[in-house]
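K.L.:
make a model of this:
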Amino acid sequence: MKKVFYITTPLYYVNDIPHIGHAYTTVLSDVIARYHRAFGEEVFFLTGTDEHGEKIASSARESGSSPIKHCNKYVLKFKALWKKLNIEYDDFIRTTEERHELVVKEILKKLYEKGDIYKSTYTGWYCTPCERFWTNKDLIEGRCPSCNKTVYKIKESNYFFKMSRYQERLLKHIKENPGFIKPEFRKNEITEFLKKPLNDLCISRPKSRLSWGIPLPFDEDYTCYVWMDALTNYISAPGYIYNNKKFNEIWPADYHFIGKDILTTHCVYWPSWLMAIGIELPRTIFAHGWWMSGEGKMSKSKGNVIDPIIYIEKFGEDAFRYFLMREMSLGQDATFSHNIFVNRINSELVNDYGNLVSRTVKMIKDFSGGKIPCEHTNQKTNQLRKEVIKVPRIVKELVKEMRLNEAIEEVMSLVRRTNRFIEETAPWKLNKENKKKELEGVLYAVSEALRFVSILLHPIIPNKSTIALKNFNIDIKKRGSFNSLDWGGLTSGTEINPQEMLFPRIKTHLDGRIDFGELSRAAIRPYSVVKVSFDDFKKLDIKIAEIKEVINIKGANKLLKLKIVIGKEERQIVAGIGAYYSPRELIGKKIVVLTNLEPRIVKGELSEGMLLAATEGDKIVLLTPDKDISSGSIIS
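P.N.:
Numbering: from 1, shown residues only. Alright, predicted model coming up:
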């Protein structure tokens with residue numbers, strides 16, 4: 001019998017470094033998991049990595065590595081980011097693990113023996129990035145409808161899953177279970193999709209074309225389609241087949257959190273697959289929106305991807321977590337810009353919450369001898385108490401309805417209300433007028449409100465809320481449950497333990513840009529003479545790059561955004577050369593680039609490296625090869 005609240009992220013494809021989309025889904029899942037633990041529930045939170053397929057095999061070949069070594073390298077990058085973001089997952093599964101391969105093979109064998117898998121010759125349009133076949137009617141202007149990349153016509157023998165057999169049953173399930181797909185408009189999309197004839201699904205690849213995958217148990221000349229492999233993680237991790245007791249306590253999943261771009265695979269392929277093997281369907285599949293910039297959806301090709309590491313290292317993981325949860329209404333797209341980020345953090349975490357913590361601790365220190373005062377009630381404190389004690393119930397309801405940004409607004413409204421209460425009651429005046437009981441009553445009420453707020457915010461900003469509660473010697477691990485949110489939880493006479501300031505104000509320039517300190521400097525800057533060892537020099541990764549596109553940056557006459565190619569890799573660099581070179585004369589030019597410099601934000605744009613130049617007074621000249629040589633060539 002199910003006892004555990006089970007929540008999952010998608011498995012992330014380990015073919016590149018994690019970006020804001022990966023961070024958002026994982027933080028969201030972590031926050032929901034933490035809330036449900038605070039509700040008193042046992043939680044199983046799963047994440048992991050998808051490690052098979054053509055793209056990984058191809059990338060490994062290009063880098064001169066084996067597929068598994070390639071995967072091992074990128075898995076560490078995901079795990080490192082989750083550590084930086086304070087993600088508390090219960091399990092991390094990789095599709096290259098033995099426990100996962102065992103389950104995939106057993107399911108394939110079961111479906112083959114049941115007659116749900118058959119072999120046939122197929123001709124279709126294949127998209128390598130999506131690792132998926134499309135029909136003529138699916139294509140948009142002859143390109144992949146999902147990623148807009150070129151598709152290739154392939155004719156080959158493969159194995160197919162009789163997905164069409166489960167079409168009507170799936171439609172019936174969606175109709176009878178309104179919460180199965182959320183939000184509502186995504187459910188409508190899938191319903192309309194399923195009203196059209198559903199094709200059977202190609203679930204194999206010939207090993208001659210793709211050997212990096214799980215072999216089919218009934219035909220070793222084929223490997224399993226990467227999506228059917230990856231989706232199975234949701235049941236392989238909790239122990240399907242090899243630990244049925246654990247599996248029965250955890251499954252079905254309460255929430256699969258996904259991006260809207262993988263809606264069909266999760267809402268059509270996956271439930272059809274589960275119906276075929278006789279397993280209960282997940283309770284809810286929730287598709288969130290995309291993070292947008294001024295140029296539309298963030299993507300590497302556009303050069304507008306936000307690197308979470310930069311923000312975490314500069315402003316802390318809690319500020320980044322808070323912004324992601326606060327800014328996006330679940331299911332809708334949201335915009336990420338540096339100005340929106342700084343305004344949100346300065347306004348709500350610095351001015352409102354951070355200020356409430358600082359002033360409360362200072363008033364107790366100055367007016368109550370550094371000890372929590374006794375509670376004395378009057379009309380004003382009773383009114384605040386009534387407003388405070390109703391918030392946990394509201395937050396719990398909103399979280400369970402996946403209205404997370406509204407839940408945060410409820411808490412922040414309480415923060416603002418408590419700050420107003422301080423202004424209205426003016427404890428400094430009460431102290432001056434020696435109204436001791438009234439002063440103590442106000443300080444106690446404010447401290448209790450702050451305790452409530454910090455516990456309510458803990459799933460979102462776990463580190464800073466823990467520090468806030470340490471001011472009152474409260475251990476969040478012992479007293480962080482919603483069950484502890486009864487008024488009167490603070491003990492009078494307890495000596496406070498003043499902590500560091502929670503959120504320093506983010507400085508901005510006059511034009512509103514964030515002051516990133518070192519990160520805000522132009523990519524080209526003067527060098528002072530420094531002696532370096534040969535070992536230090538060897539650490540520099542200097543290569544030839546070719547400039548493919550040049551874009552003027554608004555409001556910065558000297559700065560240009562260069563789209564460059566280094567071998568087969570695309571990057572962008574922001575450089576202060578606009579006064580010396582026109583975009584037209586730069587396009588096609590081969591330049592010398594330092595490629596292993598940490599990414600930087602320059603005038604709100606990501607700069608992934610540094611071009612090298614010679615300077616003479618105010619003059620700048622780019623370093624270029626004197627003979628033609630391929631981009632990606634190494635300078636040594």
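
K.L.:
any weak-confidence spans in the protein?
P.N.:
The chain contains residues with pLDDT under 70 at 294-305, 508-539, 555-557, 598, 603-604, 616-619.

K.L.:
mind listing what's buried along stretch 184-196?
P.N.:
If you call a residue buried by 16 or more other Cβ atoms under 10 Å, then stretch 184-196 has these buried ones: 186-187, 189-190, 194. All C-beta spots, glycine's among them, are computed from the backbone N, C-alpha and C.

K.L.:
could the residues you listed go into TSV alongside secondary structure and distance to Arg34?
P.N.:
Formatted as TSV, the buried residues of stretch 184-196 follow (DSSP: H, G, I helix; E, B strand; the rest coil; distance: Cβ to Cβ, whole Å):
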residue	secondary structure	distance to Arg34
Arg186	helix	25
Lys187	helix	27
Glu189	helix	30
Ile190	helix	29
Leu194	helix	35
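
K.L.:
tell me the one of these nearest Phe257?
P.N.:
Ranked by distance to Phe257 (Cβ to Cβ), these are led by Arg186 at 12.5 Å.

K.L.:
which residues touch that closest one?
P.N.:
Neighbour list for Arg186: 260, 263, 267, 287, 331 [criterion: Cβ atoms under 8 Å, 6 or more residues apart in numbering].

K.L.:
gap between the residue lying closest to the first one once chain neighbours are set aside and Trp227?
P.N.:
Spatially, and ignoring its direct neighbours in sequence, Lys260 is nearest to Ala287 (4.4 Å; Cβ to Cβ, 6 or more residues apart in numbering). Taking Cβ to Cβ, to the nearest Å as the criterion, Ala287 is separated from Trp227 by 16 Å.

K.L.:
and Arg205, by the same measure?
P.N.:
From Arg205 to Trp227 the distance is 11 Å (Cβ to Cβ).

K.L.:
between those two, who's got more neighbours?
P.N.:
It is Arg205, of Arg205 and Trp227, that has more neighbours when counted by other Cβ atoms under 10 Å, with 25 against 22.

K.L.:
so what's that one closest to, chain neighbours aside?
P.N.:
Nearest one to Arg205, counting by Cβ to Cβ, 6+ apart, is Thr223 at 5.3 Å.

K.L.:
and that neighbour, how far is that from Gly213?
P.N.:
Taken as Cβ to Cβ, the span from Thr223 to Gly213 is 3 Å.

K.L.:
quick one: common contacting residues for those two?
P.N.:
52, 205.

K.L.:
more crowded one of the two?
P.N.:
Per other Cβ under 10 Å, whichever of Thr223 and Gly213 has more neighbours is Gly213, with 26 against 22.

K.L.:
over to the more buried one: give its phi and psi.
P.N.:
Gly213 has phi and psi values of phi -180, psi 180 when expressed as degrees, to the nearest 10.

K.L.:
distance between stretch 266-286 and the chain's centre?
P.N.:
Once both centres are worked out by Cα atoms, centre = their mean, to the nearest Å, stretch 266-286 turns out to sit 24 Å from its chain's centre.

K.L.:
could you give me the buried positions within it?
P.N.:
266-277, 279, 281-282, 284-286.

K.L.:
circling back to that earlier point, does anything pack onto the helix or strand where the residue nearest to Lys260 lies? Which helices or strands?
P.N.:
Following DSSP states H and E, one finds Ala287 within strand 285-288. Using 3 or more Cβ pairs under 8 Å, 6 or more residues apart in numbering; DSSP states H and E, the elements in contact with strand 285-288 are helix 20-38, strand 181-182, strand 255-259.

K.L.:
just the CA atoms of it, as PDB, please.
P.N.:
Taking Å, rounded to 0.1, in the frame of the first residue of the first chain, the C-alpha atoms of strand 285-288 are listed here in PDB:
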ATOM      1  CA  ILE A 285       2.100  15.100 -14.800                       C
ATOM      2  CA  PHE A 286       2.800  18.800 -14.400                       C
ATOM      3  CA  ALA A 287       4.300  20.700 -17.400                       C
ATOM      4  CA  HIS A 288       5.900  24.000 -16.400                       C
END
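
K.L.:
strands paired with the next helix or strand after it, and their directions?
P.N.:
Of the helices and strands lying after strand 285-288 in sequence (DSSP H and E), the nearest is strand 291-293. Next to strand 291-293 in the sheet, as set by DSSP bridges, lie strand 296-297 (antiparallel), strand 334-335 (parallel).

K.L.:
what are the ranges of the strands in the stretch 501-636 of the chain?
P.N.:
Under the criterion DSSP state E, counting those that start in this stretch, the stretch 501-636 of the chain carries strands at the ranges 542-552, 560-566, 569-575, 590-594, 600-602, 605-607, 610-611, 613-616, 619-622.

K.L.:
same deal with the stretch 151-300 of the chain?
P.N.:
Under DSSP E, counting those that start in this stretch, the stretch 151-300 of the chain gives strands at 152-161, 181-182, 201-202, 204-206, 215-216, 219-224, 255-259, 285-288, 291-293, 296-297.

K.L.:
now those strands as CSV including distance to Asn431?
P.N.:
CSV is the format used below for the strands of the stretch 151-300 of the chain (distance: least, Cβ to Cβ, whole Å):
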stretch, distance to Asn431
strand 152-161, 74
strand 181-182, 52
strand 201-202, 73
strand 204-206, 75
strand 215-216, 77
strand 219-224, 72
strand 255-259, 49
strand 285-288, 49
strand 291-293, 48
strand 296-297, 55
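
K.L.:
and these: which comes nearest Phe323?
P.N.:
Here strand 291-293 is closest among these (Cβ to Cβ), at 10.8 Å.

K.L.:
return the distance of Glu585 relative to Ser631.
P.N.:
Glu585 is 18 Å from Ser631, by Cβ to Cβ.

K.L.:
give me the angle between the helix or strand Ser454 falls within and helix 20-38.
P.N.:
Per DSSP H and E: Ser454 is located in helix 436-457. Orientation check (axes from the mean of the first three to the mean of the last three Cα atoms, to 10 degrees): helix 436-457 against helix 20-38 gives 120 degrees.

K.L.:
helix 436-457 packs against which elements?
P.N.:
Using 3+ Cβ pairs under 8 Å, 6+ apart: helix 436-457 touches helix 355-367, helix 379-389, helix 391-400, helix 404-425, helix 427-432, helix 462-470.

K.L.:
could I get those in CSV, plus columns for distance to Asn233?
P.N.:
Formatted as CSV, the helices and strands packed on helix 436-457 follow (distance: least, Cβ to Cβ, whole Å):
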stretch, distance to Asn233
helix 355-367, 41
helix 379-389, 42
helix 391-400, 25
helix 404-425, 25
helix 427-432, 55
helix 462-470, 26
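
K.L.:
distance to Asp116 and mean neighbour count added to those helices, as TSV?
P.N.:
Shown next, in TSV, are the helices and strands packed on helix 436-457 (distance: least, Cβ to Cβ, whole Å; neighbours: other Cβ atoms under 10 Å):
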stretch	distance to Asp116	mean neighbour count
helix 355-367	59	18
helix 379-389	55	15
helix 391-400	36	18
helix 404-425	38	18
helix 427-432	71	16
helix 462-470	45	21
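
K.L.:
out of these, flag the one nearest Ile20.
P.N.:
helix 404-425 (16.7 Å).

K.L.:
what does the closest one rub up against?
P.N.:
With Cβ under 8 Å, 6+ apart as the criterion, helix 404-425 contacts 28, 31-32, 322, 325-330, 348, 352-353, 355-356, 359-360, 363, 380, 384, 387-388, 391, 394-395, 398-399, 438, 442, 445-446, 449-450, 452-453, 456-457, 460.

K.L.:
now stretch 276-287
P.N.:
107, 110-111, 114, 116, 161-162, 165-166, 173, 177, 179-183, 186, 234-235, 240, 251-260, 263, 266-267, 270-271, 274-275, 330-331, 402.

K.L.:
quick check: ChimeraX command selecting the buried ones in the residues you listed.
P.N.:
Buried residues within the contacts of stretch 276-287, by 16+ other Cβ under 10 Å, are selected in ChimeraX with:
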select :107,110,111,116,161,162,166,180,181,182,183,186,234,235,240,251,252,253,254,255,256,257,258,259,263,266,267,270,271,274,275,330,331,402
